Structures are given as structure tokens and as C-alpha cells.
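Chemist: output the structure for:
(2 chains)
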2 protein chains.
Amino acid sequence: MIGPVLPSSGVSTPLGLDAVRPAPGFWGDRIGLNREVTLAHCRERMEREGWIANFRGELPRRGRESSDAEVYKLLEGLAWADHPALPELAGVVARAQEADGYLNTRWKHARYTDFEWGCELYCHGHLIQAGIARLRTHGEDELTQVARRAADHVCDRFMDTAETCGHPVVETALVELYRATGVERYLEMARRFVERRGLPALGDVEFGRGHFQDDVPVRRASVFRGHAVRALYLACGVVDVAVETGDAGLLEAVEAQWAATVARRTHLTGGMGSRHFGESFGEDFELPPDRAHAETCAGIASFMLAHRLLLATGDVRHADLAERTLYNVLATSPAPDGESFFAANPLQARTPAERAPWSAAACCPGNLARTFAALPAYLAAADGAGVRIHHHTPAEIRHAGLVLKVETGYPWSGRVAVTVAERGTGPIALRVPSWAVGATLSYGETRRVVAPGYAVAEVDGGWRPGDVITLDLPVVSRWTVPDARIDALRGSVAVERGPLVYCAESAGDDPPLARVVVRPDAAVEHVVDGAVELDVKAALISGAPTGWPYTAEMETPDEEPITLRLVAYHRWGEHGPATMRVWLPVDTARSRYLEEV
Amino acid sequence: MIGPVLPSSGVSTPLGLDAVRPAPGFWGDRIGLNREVTLAHCRERMEREGWIANFRGELPRRGRESSDAEVYKLLEGLAWADHPALPELAGVVARAQEADGYLNTRWKHARYTDFEWGCELYCHGHLIQAGIARLRTHGEDELTQVARRAADHVCDRFMDTAETCGHPVVETALVELYRATGVERYLEMARRFVERRGLPALGDVEFGRGHFQDDVPVRRASVFRGHAVRALYLACGVVDVAVETGDAGLLEAVEAQWAATVARRTHLTGGMGSRHFGESFGEDFELPPDRAHAETCAGIASFMLAHRLLLATGDVRHADLAERTLYNVLATSPAPDGESFFAANPLQARTPAERAPWSAAACCPGNLARTFAALPAYLAAADGAGVRIHHHTPAEIRHAGLVLKVETGYPWSGRVAVTVAERGTGPIALRVPSWAVGATLSYGETRRVVAPGYAVAEVDGGWRPGDVITLDLPVVSRWTVPDARIDALRGSVAVERGPLVYCAESAGDDPPLARVVVRPDAAVEHVVDGAVELDVKAALISGAPTGWPYTAEMETPDEEPITLRLVAYHRWGEHGPATMRVWLPVDTARSRYLEEV
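Modeler: So this is what the prediction gives:
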């Protein structure tokens, strides 16, 4: 099995890149674009920025302290894509490794002198993940040896210390390397890194130790906090350690933190990280749409965590959040040409914004590239004798002789048709998202309403070529209201349709989104370039007093009725700089509005 | 005349420390506490932090790149207070000055190698301001000579370059030194610093050049932006240059920027700076109560700017904002003991917060100390033959023979009684704040309703001892609603009373402020320790679903009626860590509420 996460136990086992082949469709197209365009774009930009030259020893060294990790993410992406550019780049990296396995272009002359911000174990972790990808797609070669030597170095250096890295990721990398190689010290090293964090293991910093989750031991924490990517990568490692060591208490701790975070610190899009300051989680119910950082990398990390929790527990809530994040964060970041990206994914843009081809930090493009390259391995799982499809997209799925062809226009439409191409046995489970109340499942003579969760099709005597299982999901627009405790969203509503969050966008301030109020009534659908857009009833409130903005009386504003076009959030800004908002103020003068129309 | 801002022209001339003597009362008490406690507290902490030892050449140097400026702010405060601790500290500073006038403990071996972040001209600017304070309160001495040499160095080094400092303040310092000494090159240097900024004069940084107002020349900017303290100090210097050079266009530009900022980027408290990220102004109408940075130093800078604009234009709007900021930012920062401080002044605290005695950055305590020490010079002005009282607080005011004694319980009560103690002539103008509709002015046989602005009392034949002018301001509680475009405040209201913003605070989550909704009905007043507190009708909405916080329907929550106690915002957190909120959600189930009570 070929994939980034292959636990030795759990409720279900992921089907890998060798078992799931995407076909043209929402995700197949993006996976192809990633392979054909984004990987090369990242390679070219990292060369231009000097991040690759750093491995050649060129001076002055360029890039941030963590730039080595970007090159490793690219290597991981190239590995999952079995890309011919890998060996040359791997060779450049390999030649920079020191005799004892240490590899870092920034700190080679000052090893481990800044655990808080140095990112050395973080970089080693991404190197190990690249090696795992290569090992599983290709087998042992130069890159896998580099990764193993790096992991051995980490174990030699840190097994018996109290130290750890300000930026987690090595934990999950070490567990996966244990899974890939069977070398138990990698698991033990990961376990120790998890357990020593929060004792504390790091120095204090301006942001506080919570920034890198060193404020509280992981078993005692109640919610994710601090830097969002750090918190979520750490949680991935915690799940991995818990699964491989059979530590139910540890798994319960991270599940509870996840549940609290989803209930109180997660944006409608699945985006995590409310603050630009510290790129961090905010407090409970601190979920500003405009200042949401909701970094693409945090979305990737949350997706990775939800996938791990889903495999470990089988709880469909994790698949629901994974899907939400996939369609509304991961799909949002890259432009349709695969060469520019959103790093932050706010739910409101007051001034025009657009994707950028690169940035000095640019952690997101390489992270997306490795994730999209491995994405087929996140879509379906083996569940005992059966197949379980978590995410619906056109693909061919193979398991134990059974070959299934999935055809669907999802997420734009709700029909998912699974045709048996080669015979096999066992139940076939299709996920029914939490919003899909009234979904139906049909196969053979069976047709029944299925509840959110997993709809399971089973036949006596096995599946035969030509058998079709059809899941019909009610993909229609719906209005969504926020919890009353989310102060920043009071009096506003949003539109969702299937797994997609919608938004209003505006180029050239037409319409002026600062003056829009909506009437939560039925939306009218339009298909534009294969995507569904929605028209809702709205009004423009009268412009602007220009003095002190706090007054004794709320004047009822004049209103001009308009029709407001909404597009899927992941498509905003595709046609150039635009303002945008997901959460739309409700027309508080509705009665007046009704008189006018 | 003794004061920090003495323009050579303008609508009115400030009365200085020699003309205005505060008596016990709201501000007199704070000015006394500052002199007796806070100045010594700052001295002790700066010694402990090593910021003073840096001037003695002790190694390693400690503190941030700008820490010299903190010592200069303290010196300025000691100077205004005519404090006996000044000469010794001034001597320590003087001995660190180099032969050519340059003085900086951080950069002495690498002068002017980091204009963006180095703060060298910023530090020189505060040194000059300390020297001006000493010159005006005491006359020439060692400190004034140090300041003059520093100013001469700055002129020598920068008069004919295109460079400037990433942190403004030297502009306003140089103009004031010109006012104090008549040396015209100081004014010319300030003028050039103002004009070269935005060409641009500085390198690009992560935050963008807008961070230090170098994105657009000052004449072409439309609103304050970037780092709030930098933007506001710069604007002070711009007003000063415009006034002294008679540049009406420049003054109009900064007035327009001020008006746009007040209308769209200012919190109810007068606090400025919506973002912790970059300590910066947000976009228009980005005014989150919870994440408001609203730094104390930005409040001081805004107060300084409003004072300058008031003197230059006579427009009472500037006095209104100055008062709002004075009572709700500057009065909020220090604890009643004068030894701990809020640096940020958000309008909501979801988790318990309290003032801190000091911090690694700690720019605010010294800035407050110098401002409170000079505060009497901000309270009143000479306006031709007359006296104009901007801020009502117990004090004795002298001008041209006339001696006035001001007695008032303001801001807790609305009566201001001005008694003539020594005879004199000319109109006496008392400010009527913008909220004070229905105020009355009484003297002699006269009693009339006066509109917001200035209420002017005049008598034929001059004022005689025992004459009393009484201004009655309607200090009663009022509900305030936000502009509909402030997304973060939608559906919420606040309470103000006179110049004071009120808030709910809660220790131990009793009441739980996350679940409070209010009914904007008449408030009941209570006097507690001389301060007025308010009870309003409110309810606790039912607790918490615990899952995904975005749902298809807004359920009408259960409500439990409560009485909510509000205190003046500047008093929150005085009794230990507390949660707090200024903006209170309106009870949307009011009809239901009415049935229950």
C-alpha cells in the first residue's frame, strides 16, 4: 500500500495511491494540475529564491531558517507523483548531509542553538517524510538513505535529552518511518518528543509557550492553541503515537481537544487560526471573518489530523471536517493555473485581494503540492472486507479484487454513481455528509433513504461487473447561522451548498459589499462554466454618514433592492483582485424591504 | 509659558504648567500619583531592566533597540514635574553622548545601519523632547545642552540626505526645539523629514512601507495607516511643521486624514490601532472589540495630535476626541496605585486580564508618566483676551491677571463651577461636549441653554472676585449604537455617561459575559466609592450547544433575566483579573423577555 499515513491498527486502513486512481473531475483535475504545473512552479521558485542553492553551499545563504523544509516538501511531492525531477534534487540534498546524519543549511555551524525558533527538528521531520514517500513509491534509494540517516541522527542526539523543537512535525514523521521500516526506536523517539513537550521543554517567548504548545503537557491540554500549524502537526504526531503504542488515554485527549477546537475555534470553511498575530488560534468563539488567518498550511494540517482521527476512530465527524476543509481551504488556495496561491484564507476581504505566485515565507505552495500529490490516498479506505469511500470524486478504486468506478459531478451536483468494473465481495460504504439529510442510496432492487454517516450497500453472493450503486445527496443551497457566542458574526448569515461555502465577491466595488444586506430566502441557481452560482435577494443600504460612527440612535437606512450573486468560496478572486464576504448581514429592515419589492 | 506644545500661531495659545494648577479631583489626583509614585516606579524598573545601565556602558547591553527612548521619556516626565531625581539621571545620559552629539547605546558602533527598525532618530527625538521640558521648566543646564547637541547632530547628518527614521517623533521634537530656541534649522530639518517620507525614504519590510507611513507622501495620504503610534507621532510633526511654516495645504491634508480616521478607524473609547499584528490601524470599519490593540501609547499620541489640531484650528471636534481618549484610554492604563499598566486597551476581554507592572517592551508607563506630568498644560488655552477651558477638572487657572478656581465632580457629575478669585477681563469659554445637549450656563443674572461647542461667558466691566460661572452638563447614561458598517459590532450596543464609556466586567465568570444580552432601557445609577456605576436590564441566554457552531436554524435561546452592573471602562480590572465587554449584544428575543419579567 502506498500512502502517507499507514497505521498498523485502527478502524479502517486507507487505500493508497496504488488503489485509488482519480479520473477527470474536481479533484482529478487538481491532482493533474499539481503534477504538471505546481511541482515545477515550486521547483523553479525555490531555485530562484536560493533555497536549493543553500544545499549547494552557495553564500550568502538565503531564505528563512525553515527554508530547507520547503525543499523537502517539494521532494515529498515529487516522490508521491513519481516525478522524474526527483533524483537530481535528491542528490543536491544528499550531498549537503553531514557524516552523522545532521542536515541543515542554516544551522550547520551552530547546531541546536535555538530550539524555540531554529526549526531544525522540523526540517529533519520534513526530510524524513520525503524519504518515506520515496520509500513507498519507489523503494530504497539515495533519498531514503538520507532520510534514515537523519532519523538516526535525531534519535542519537535526542533520545535521552529533555529537548524538543519549537515547530512540531518530526513526531509524525518518526512514527511513519517506524511504520515504513519497523525500526522501533523511531516510534520511541516520537513518543518521547510528545511526552516531554509542555513539561516545559522550551524557553519562554514573546508569544508565550502556548505558541508552540509547550505550556501544558499534551495529555492535560483541553483545546488546540497557539500557532495553528504547530498545534495541528503536533496533534497528528500525538494520534500516530497513540495508535502505534495502543495508548487509548492519549488518543482520547487529542480527540477531546479536536472536538473543543471544532466547536469553538474553527471557521465555517474549516479554516483554523483566527489571528495573524502569531498565526494562531484565538480564544473560544474568537472567529473574525476579516482577520481570520486560516492559513492554507493550517488547513492542510487539519486535514491530515482529521484523516488520522477518522482512521483511528471511524467517527464520521472527522470525515465531515476533512471534506469541509478540503473544499473550502485546500481548494481555495491555488489559482486555476496552479501557479499562484492564497496563504491566508479569510472569510471577508474589505479591500481587493488576490493570489500571489510566491512570497518570502511561501510555506503553502510546497505543502499543497505534497498534499495534492498524495491526495488519492486520503479518499477511501478498506474496512475489513469492504470498501469505504470518504470523499466522492471521479476515480477508479481497487480493493481485494473488486474494482469500482466512481462517477460524479460532486460537489456541484449530488449524484454519486459507483459502478462495479471487476467482481468482488464485501460491503461498500459511501459517506453521507452531515448536511445531506434525505439522501438516498439505490442499488439493484434496493432504494432507501440513508442518514448522515455511512450508507452501506451489501449484496449476497458478491458484486458483479455492471452493478451500480447510486447515492443521491441533496446538494441544494442552505442558509447557515452562527452560534450566538461568535461576536464577530452576530446578525449575519452564510450560504452553503453541499460541501461548499459560498461568498459574495466584487471587483471594482460593484456591488459595494460594505453596504449589502441579505434576505435569507430561496436562492436561484445558475450554472456558469460548470460551476453553480447562486442569486439571493439583497439590498444596498444607504451610504455613509461620515462623522463619528457611534451615535445615539440607529437610523433605519434607505435600501435599494438588488440581486446578489454568490460564488463558491474556493473560486473567489479567480478573475483578479476582488473584495469578498462569506458572512452577509441580515436585512434588519425586512418589513420595509418587503414593501418596496 | 511652560508646556510641551507652544505654537507661534494658531487659534488659541495653551496655558502652561505655570498657569494651570490642578487641585484634588479626577485629574489632579492622577497627576499627583504620577509625580509621587509612577515616576519613581519607572526609574526603578528601568534600572532593573538595565536600560539606564546601558548609558553607563555596562555589557551586555540590555533591552530593545528603542530602550534609550524610554529613559528619555522618563527624563521628560521628571522635567515637567521638576523632580529632584532629574540631574543625576541626566548626568548618566550626558556622559554617554559622543563628541559630535550622537547618542545611542544600541547603535554606537554601527550608526544608522538600520533606518527601518533602528529607531535612532526616534531616540534622538525623545532626547530632544526631554531637553525642551528641562529648558522650559528650569532653563539651560546639562540636559538641555545634550539635547541641543543631539539636534545639531541630526541636522548636520540629515539635512541634505534623503533618509529618515522608521519611527517618527523627531519631527515634532525638532519643531518644538525651534519654538523653544528660535534656531530655524531645526524647523527646516523637521520640514524635510516630513516631506521626504513616502517618496519612499525607507526600505520595504514584511509589514509593507505603510507600517511607517512611507508608502505615500504625507500630503497625498487620505487616512492614518500602519503602526498607530508611528502614524500619530508623524501627524503631530506634520501639524507642527504646517503651523510654523504657514503651510495651509499641509494642515488641511492632515486634518482630512484625521477626520477619515476618526470616522472609520477609531474605537468608541478613542482607542486607535485595531490590530495586534503590526500594532496597526486596520482597514476602514475594521474595529474588533476583542482584538483592538488600542495601545496606551497610541492613545497618548492621538491625544497629542488632537491637542495640536485644536490649537491650530479651534475646531471643538478635536477637544471632544481628546477628552474621549483622555478618560477612556489614558485614564484606563494605570492602576489606582500608579504601578501597573495596561499596554493594550481592547473593548472586550474573553479571558481574565489585568494590568502588569512592567514588560520587556514597556513603552507605555514612561509615556504616560511624561504625559501626566505635563497634563495641566493641555487643559486650557488663552484665546485672545479670554480664557478657554477645554477639559473640566478642579484647578486654579491664571491668565492676564485673572485667577479662576474651577470646582467640579466631573466626569461623575455635570456641574462645573468657575469662581473668580482675582479680577480680570475678557470672555471665559467653557467647552460643552458633543453629547451634552441641553447644557446650561449660568452667571450673574444670565442663565441660558448652551449648545455643544464653547459656551462663552462675558461681562461688561470685567470679572470681580466672587463671580461664579456655572456650567451644568447633562451627565446621564445613554445607549450608543455603532455604524452599520462596523461588522464586528453588529447587533450590539454600548453605554456611555458623560465622557465615560462603560463596560460590564466579571471576575470568576459571574456573570458569564459570553452569555449576556441586554435590553437598552433606562439604567439605574449607584454611587460606589465616589464613582457612578450603572445597572441595566439584561438576560443570560442558555448555554451552549457543544458541536459544530454553524447551524441551519437560529434557535431562540432560553433566557434568565438578570441585572447587569456596568462600571466606567477606565476602572475595569481594578480588583484583579476580569473578563470585560463594552459592546453588549442586544436581546433579540425581547418580546419573550418581556413576558418573563
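Chemist: is the residue nearest the centre of chain A in a helix, a strand, or coil?
Modeler: Centroid-nearest residue in chain A: A:Ile300, 2.8 Å away (criterion: CA atoms, centre = their mean). With DSSP: H, G, I helix; E, B strand; the rest coil as the basis, the three-state label of A:Ile300 is helix.
Chemist: contacting residues for the closest residue to chain B within the stretch 51-200 of chain A?
Modeler: Residue nearest to chain B within the stretch 51-200 of chain A: A:Arg64 (11.0 Å; CB to the nearest CB). C-betas here are computed from N, CA, C, even on glycine. With contact set as CB atoms under 8 Å, 6 or more residues apart in numbering or on different chains, A:Arg64 has these partners: A:360-361.
Chemist: mind doing that once more with 7 Å?
Modeler: Residues in contact with A:Arg64 (CB atoms under 7 Å, 6 or more residues apart in numbering or on different chains) are A:Ala361.
Chemist: what's the nearest residue to A:Glu142 if we skip its chain neighbours?
Modeler: Once flanking residues are discounted, A:Glu142 sits nearest to A:Ala94: 5.1 Å by CB to CB, 6 or more residues apart in numbering or on different chains.
Chemist: for the helix or strand hosting that neighbour, buried residues please.
Modeler: In the assignment (DSSP states H and E), A:Ala94 maps to helix A:86-95. Across helix A:86-95, burial judged by 16 or more other CB atoms under 10 Å in any protein chain shown covers A:86-87, A:89-90, A:92-94.
Chemist: how far does that helix sit from the chain's center?
Modeler: Distance of helix A:86-95 from its chain centroid, counting by CA atoms, centre = their mean, to the nearest Å, is 28 Å.
Chemist: next up, the contacts around the spatially closest residue to A:Pro7 that is not a sequence neighbour.
Modeler: Leaving aside its sequence neighbours, A:Pro7 sits nearest to A:Val243 (CB to CB, 6+ apart; 4.9 Å). Contacts for A:Val243 (CB under 7 Å, 6+ apart) come out as A:7, A:9-10, A:251, A:312.
Chemist: of the residues you listed, grab the buried ones for ChimeraX.
Modeler: Buried residues within the contacts of A:Val243, by 16+ other CB under 10 Å, are selected in ChimeraX with:
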select /A:7,10,251,312
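Chemist: which one of the contacts of A:Val243 is nearest B:Ala361?
Modeler: A:Leu251 (40.8 Å; CB to CB).
Chemist: surely the closest one meets A:Glu244?
Modeler: No. At 10.8 Å, A:Leu251 does not count as touching A:Glu244 under the criterion of CB atoms under 7 Å.
Chemist: so the residue nearest to the centre of chain A touches A:Thr371, yeah?
Modeler: Yes. Counting by CB under 7 Å, A:Ile300 touches A:Thr371, with 5.1 Å between them.
Chemist: any residues in contact with both of those two?
Modeler: Shared contacts of A:Ile300 and A:Thr371, counting by CB under 7 Å, 6+ apart, come down to A:Leu330.
Chemist: now do the helices in the stretch 151-300 of chain A.
Modeler: A:170-181, A:184-196, A:228-245, A:248-264, A:296-313 (DSSP state H, counting those that start in this stretch).
Chemist: so for the last one, mean pLDDT?
Modeler: Confidence over helix A:296-313 (mean pLDDT, whole number) is 98.
Chemist: how close does the residue nearest to the centre of chain A get to B:Asp141?
Modeler: 63 Å (CB to CB, to the nearest Å).
Chemist: got it, and A:Asn345?
Modeler: The gap separating A:Asn345 from B:Asp141 is 59 Å, by CB to CB.
Chemist: higher neighbour count, these two?
Modeler: A direct count of neighbours by other CB atoms under 10 Å in any protein chain shown for A:Asn345 and B:Asp141 places A:Asn345 higher, at 27 against 16.
Chemist: next up, the contacts around the more buried one.
Modeler: A:269, A:271, A:294, A:296, A:299, A:329, A:332-333.
Chemist: so, low pLDDT: which residues of the stretch 51-200 of chain A?
Modeler: Regions of the stretch 51-200 of chain A meeting the criterion pLDDT under 70 are absent.
Chemist: mind listing the helices for chain A?
Modeler: Taking DSSP state H, the helices of chain A run over residues A:26-33, A:39-48, A:67-80, A:86-95, A:120-137, A:142-158, A:170-181, A:184-196, A:228-245, A:248-264, A:296-313, A:316-325, A:364-373, A:590-596.
Chemist: compile the ones you listed into a markdown table and extend it with columns for distance to B:Ala484.
Modeler: Output for those, formatted as a markdown table (distance: least, CB to CB, whole Å):
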| stretch | distance to B:Ala484 |
| --- | --- |
| helix A:26-33 | 38 |
| helix A:39-48 | 43 |
| helix A:67-80 | 44 |
| helix A:86-95 | 54 |
| helix A:120-137 | 45 |
| helix A:142-158 | 56 |
| helix A:170-181 | 46 |
| helix A:184-196 | 49 |
| helix A:228-245 | 31 |
| helix A:248-264 | 27 |
| helix A:296-313 | 32 |
| helix A:316-325 | 30 |
| helix A:364-373 | 35 |
| helix A:590-596 | 14 |
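Chemist: all set now, cheers.
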